[in-house]
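Enquirer: the sequence and its predicted three-dimensional model are supplied below.
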Amino acid sequence: MTGKELRLVFMGTPDFAVASLKALVDGGYNVVGVITAPDKPAGRGKKLNESAVKKYAVENKLNILQPEKLKNQEFLAELEALKADLQVVVAFRMLPEVVWNMPRLGTFNLHGSLLPQYRGAAPLNWAVINGESQTGVTTFLLDHKIDTGKILFKKEIAIWENDTVGTIHDSLMGIGAKLVVETVDALADGNYEAIPQSEIMAETEIKHAPKIFKEDCKIDWANDIEQIRNLIRGLSPYPAAWSTLVHNETGKEIATKIYFAIQVDRNTNDTPGTIKSDGKTFVKVACKNGWLQITDLQIAGKKRMRADDFLRGFQQILEYKFV
C-alpha cells in the first residue's frame, strides 16, 4: 500500500502545522479529516478567531472537527466514523490513548527538536536560548507519555550565529512538511525502523523544553554577554525578551522588548544595564563582560523599530538605564 491510499486524519493548529497539511493536500494524499482548536474570541470586539489550520482547511474544503474535549463521546464517534488508517499530529495538544490508538497504523507526531532532546512545549526556543549549534525535526509514534514515543525519522539543520527562533521556525516548517510526507509513505509500505528513545538517552545528557513564561523572558544584564544574546535570539520575535528602561532621576519605567542585538565589545567596567548611545544611530548596553548593541526594539505603546528610528523619537536615552 502507498501513502496516497491511506485515509489520513490531520491534527494541528498554528501556521507551523499548515505547511505539513498543505504538503499532504498538494501531494494528493487522502486527508479525510482535520482536527483543530475551537474558534476563540480575540481582540476588543471579541470576534471569533479561527486557527491557521482551520482557515486553510476551509479554503480547501476539507472536513473539519473542532472538539472542546478530546474524550467527548460525540467527537470520538465522529472520529471513528472517518475510518482513518493513520493520524498525523503537528503542533496540537496532548492526545488521550483512545484517540492516538484508534487508527490501525497508529498516530505519529512531528516535533520541533532532535528527540529525545528538548521534549516539551518550546523546543525551538530553548535550543537557541541554550546556544545549540544544531536543531531539527523528528517524527515519532505517540504513546502514553508526551514526546516519548519511538523515533521514526529526523532532519537536522544548523543554528547560525544570527539565527533567531523565528528564522529557525520558518526553515523547519518546510523541512518538517517534507518529513511528514516521507513518514506517511514509510508507514504505508512498512519501510521504517522505530527506535526507542531510551536507547539514545543512555548515551547523552537530556535537555528539556518547558513552556516559557514571562519571567523566563526577562533579561539579566549581569549575565554573560553571549548568554543574554542567545536569550534575545531564542525569544525573537515571540514572545520576545524584555527589560525595563528606568530614568536615572525620576525612576520612570518604560517596558521594552528587545528583538535583536550584536556583540560589539568584550570589555567593560560599567555597571550592567548602563546605556551608551550617540543619540542617532546606536544603543549599547553593558553586560557582565562586554557591550551588546541593540538593533531592534519596541517600547510600550509603540511598534517594533530599528534603533536609529527609535532614537529619532527618544533622544533622551542617556538619561535611562536598563534594569
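Expert: Noted; the coordinates are in hand.

Enquirer: mind checking the end-to-end distance for stretch 2-20?
Expert: 18 Å (C-alpha to C-alpha, to the nearest Å).

Enquirer: same check on stretch 116-136?
Expert: First-to-last residue span, stretch 116-136, C-alpha to C-alpha: 12 Å.

Enquirer: sheet partners, orientation included, of the helix or strand of the chain with the lowest mean pLDDT?
Expert: In the chain, the helix or strand scored least confidently by mean pLDDT, DSSP states H and E is strand 40-42, which has a mean of 84. Neighbouring strands of strand 40-42 in its sheet, by DSSP bridges, are strand 47-49 (antiparallel).

Enquirer: mind checking what helix or strand follows the partner strand in sequence?
Expert: helix 52-59 (DSSP states H and E).

Enquirer: and the helix or strand that that following helix is followed by, what does it pack onto?
Expert: Next along the chain after helix 52-59, taking DSSP H and E as the criterion, comes strand 64-65. Packed against strand 64-65 by the contact rule (3 or more C-beta pairs under 8 Å, 6 or more residues apart in numbering; DSSP states H and E) you find strand 30-35, helix 52-59, helix 73-81. Bear in mind the C-beta positions are built from the backbone N, C-alpha and C, glycine included.

Enquirer: quick one, helices of the stretch 201-323 of the chain?
Expert: Ranges of helices within the stretch 201-323 of the chain are 225-234, 307-313, based on DSSP state H, counting those that start in this stretch.

Enquirer: so what touches the longest one?
Expert: Taking contacts as C-beta atoms under 8 Å, 6 or more residues apart in numbering, the residues outside helix 225-234 that touch it are 125-131, 162-165, 217, 219-221, 241, 258-263, 266, 287-292.

Enquirer: go again with 6 Å.
Expert: Identification of contacts with helix 225-234 by C-beta atoms under 6 Å, 6 or more residues apart in numbering yields 125, 128-129, 131, 164-165, 219, 241, 258, 261, 263, 287, 289-290.

Enquirer: also the last one?
Expert: Residues from elsewhere that reach helix 307-313, judged by C-beta under 6 Å, 6+ apart: 279, 280, 281, 283, 294, 295.

Enquirer: report the mean confidence score over that helix.
Expert: The predicted model gives helix 307-313 an average pLDDT of 97.

Enquirer: ok, stretch 87-97 next?
Expert: 96.

Enquirer: buried stuff in it?
Expert: When burial is assessed from 16 or more other C-beta atoms under 10 Å, stretch 87-97 yields the following buried residues: 87, 88, 89, 90, 91, 92, 95.

Enquirer: send the alpha carbons of it over as CSV?
Expert: The C-alpha coordinates for stretch 87-97 follow below in CSV (Å, rounded to 0.1, in the frame of the first residue of the first chain):
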residue,chain,number,x,y,z
GLN,A,87,-3.3,10.1,12.2
VAL,A,88,-0.7,12.9,11.7
VAL,A,89,-0.2,15.4,14.5
VAL,A,90,1.7,18.7,14.1
ALA,A,91,1.6,21.4,16.8
PHE,A,92,-1.6,20.2,18.5
ARG,A,93,-2.4,19.3,22.1
MET,A,94,-1.7,16.1,24.1
LEU,A,95,-4.0,13.2,22.9
PRO,A,96,-5.6,10.6,25.1
GLU,A,97,-4.9,7.0,24.3
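
Enquirer: quick one: it to chain centroid distance?
Expert: From the chain centre to the centre of stretch 87-97 is a distance of 16 Å (C-alpha atoms, centre = their mean, to the nearest Å).

Enquirer: which residues sit against it?
Expert: Residues outside stretch 87-97 that contact it (C-beta under 6 Å, 6+ apart): 9-14, 16-17, 20, 70-71, 103, 107, 109-110, 146.

Enquirer: swap in 8 Å and give it another go.
Expert: Contacts for stretch 87-97 (C-beta under 8 Å, 6+ apart): 8-14, 16-17, 20-21, 24, 35-37, 70-71, 99-100, 102-103, 106-110, 142, 144, 146, 176, 180, 184.

Enquirer: filter those residues to the buried ones?
Expert: 8-14, 16-17, 20-21, 24, 35-37, 70, 99-100, 102-103, 106-110, 142, 176, 180, 184.

Enquirer: in strands only, show me those residues.
Expert: 8, 9, 10, 11, 12, 35, 107, 108, 109, 110 (DSSP state E).

Enquirer: now the least confident helix or strand of the chain: buried residues?
Expert: In strand 40-42, counting by 16+ other C-beta under 10 Å, buried: nothing.

Enquirer: longest helix of this structure?
Expert: In terms of residue count, the longest helix belonging to the chain (DSSP state H) is helix 165-189.
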